[in-house]
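Engineer: have a look; sequence and predicted model below, questions after that.
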Number of protein chains: 2
Amino acid sequence: MTKKTKIRQTGCPVAFGLDIFGDRWTLLVIREIMLRGKRTYSEFMEMEEEIATNILIDRLKALEAEGLVDKTRDPENRRSFLYALTKKGRDLAPILLEIIIWSGAHDARSFALTDVLEKIKADRDGFEHELRSERENLGDRCE
Amino acid sequence: MTKKTKIRQTGCPVAFGLDIFGDRWTLLVIREIMLRGKRTYSEFMEMEEEIATNILIDRLKALEAEGLVDKTRDPENRRSFLYALTKKGRDLAPILLEIIIWSGAHDARSFALTDVLEKIKADRDGFEHELRSERENLGDRCE
DNA sequence: AAATTAGCTTGCATTTTGCAAGGTGTAACC
DNA sequence: GGTTACACCTTGCAAAATGCAAGCTAATTT
């Protein structure tokens, strides 16, 4: 993992959050897990934004180190691992939803995840609760 | 301004948002304006996290270019400029609030902005509305 | 036992960040 | 009106992060 980016010990919650997910890739990995039900390295590699292998593994290790994801062996495929969000990771749901709402309002070209945006608009709290629930494979339907 | 970071034309609202504020500094500048009522370059330079001058001006220019802040001459001090959030910028309020909530729940050391966190807990929608309102000097009291 | 799959590691070029010093256009002071 | 100070930057360079391509290892399939 690339040298841990300097932590700003100012006690500010905004700075704390940015120290963990304030970069161009971390929240995209979270998105893949939370909204598209992805769970493995190879599935993450399939994301549209073409993340580089070293960046992906770096972010996965950082997320694991911060306690946002758990990594376990896939019992059904011993050469694969399963990455799953912890509660701390699932608690990012509202942040992700607010980003989607903001971009939905301010970017005409944000056509992906429109099903998600519709769900948010229809029942924000219900959908957020769904995302935070522990069961897996939730987001498979999101496009 | 440093070469415009590559835009990911995937149409994903999460990626779109990250293209604009997915770095370690942009949302801290927004925080200074929105929660602490700061308006000038020198006031931003006073932030606890010690932003470098070139990074600050780079982010201010990017925010202006993206239409999140307006830059005007200070009518009362011709050598100063005033940076103010546009509606698009103020609409980031919920994202900032959710980050504060998340860190408040997952970082014991996030002691700054506790007054903000209390306000959010007491009346989330009211406080968000207050932040989104057009009048200035709102956040002066936040610590 | 050869090929394939899944998950990485490594080396190197490019880009961004961070740090320190310097420069420019008001404005205030003597 | 000359010096000083303030506010806002600019520039040069080192360090770190990102991006790209190739290669490597262990588990599995053929």
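Structural biologist: Done, it's in.
Engineer: from here on, contacts and neighbour counts on C-alpha atoms
Structural biologist: Will do.
Engineer: now the strand or helix carrying residue A:94, how far from the chain's geometric center?
Structural biologist: Using DSSP states H and E, residue A:94 sits in helix A:93-106. Relative to its parent chain, helix A:93-106 has a centroid offset of 13 Å by Cα atoms, centre = their mean, to the nearest Å.
Engineer: alpha carbons of whichever helix or strand comes after that helix, as PDB, please.
Structural biologist: Sequence order places helix A:114-132 as the next helix or strand after helix A:93-106, per DSSP H and E. Taking Å, rounded to 0.1, in the frame of the first residue of the first chain, the C-alpha atoms of helix A:114-132 are listed here in PDB:
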ATOM      1  CA  THR A 114     -30.900   6.900 -12.500                       C
ATOM      2  CA  ASP A 115     -32.800   3.900 -11.000                       C
ATOM      3  CA  VAL A 116     -31.000   4.700  -7.700                       C
ATOM      4  CA  LEU A 117     -31.900   8.400  -8.000                       C
ATOM      5  CA  GLU A 118     -35.500   7.500  -8.600                       C
ATOM      6  CA  LYS A 119     -35.500   5.300  -5.500                       C
ATOM      7  CA  ILE A 120     -34.000   8.100  -3.400                       C
ATOM      8  CA  LYS A 121     -36.500  10.600  -4.600                       C
ATOM      9  CA  ALA A 122     -39.400   8.100  -4.000                       C
ATOM     10  CA  ASP A 123     -38.300   7.000  -0.600                       C
ATOM     11  CA  ARG A 124     -35.000   8.400   0.600                       C
ATOM     12  CA  ASP A 125     -35.100   6.900   4.100                       C
ATOM     13  CA  GLY A 126     -36.400   3.500   3.000                       C
ATOM     14  CA  PHE A 127     -33.700   3.200   0.400                       C
ATOM     15  CA  GLU A 128     -31.000   4.300   2.800                       C
ATOM     16  CA  HIS A 129     -32.100   1.800   5.300                       C
ATOM     17  CA  GLU A 130     -32.100  -0.900   2.700                       C
ATOM     18  CA  LEU A 131     -28.500   0.000   1.800                       C
ATOM     19  CA  ARG A 132     -27.400  -0.100   5.400                       C
END
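Engineer: returning to what we had before: can you tell me which helices and strands the helix holding residue A:94 packs against?
Structural biologist: helix A:26-36, helix A:114-132, helix B:13-21, helix B:93-106 (3 or more Cα pairs under 8 Å, 6 or more residues apart in numbering or on different chains; DSSP states H and E).
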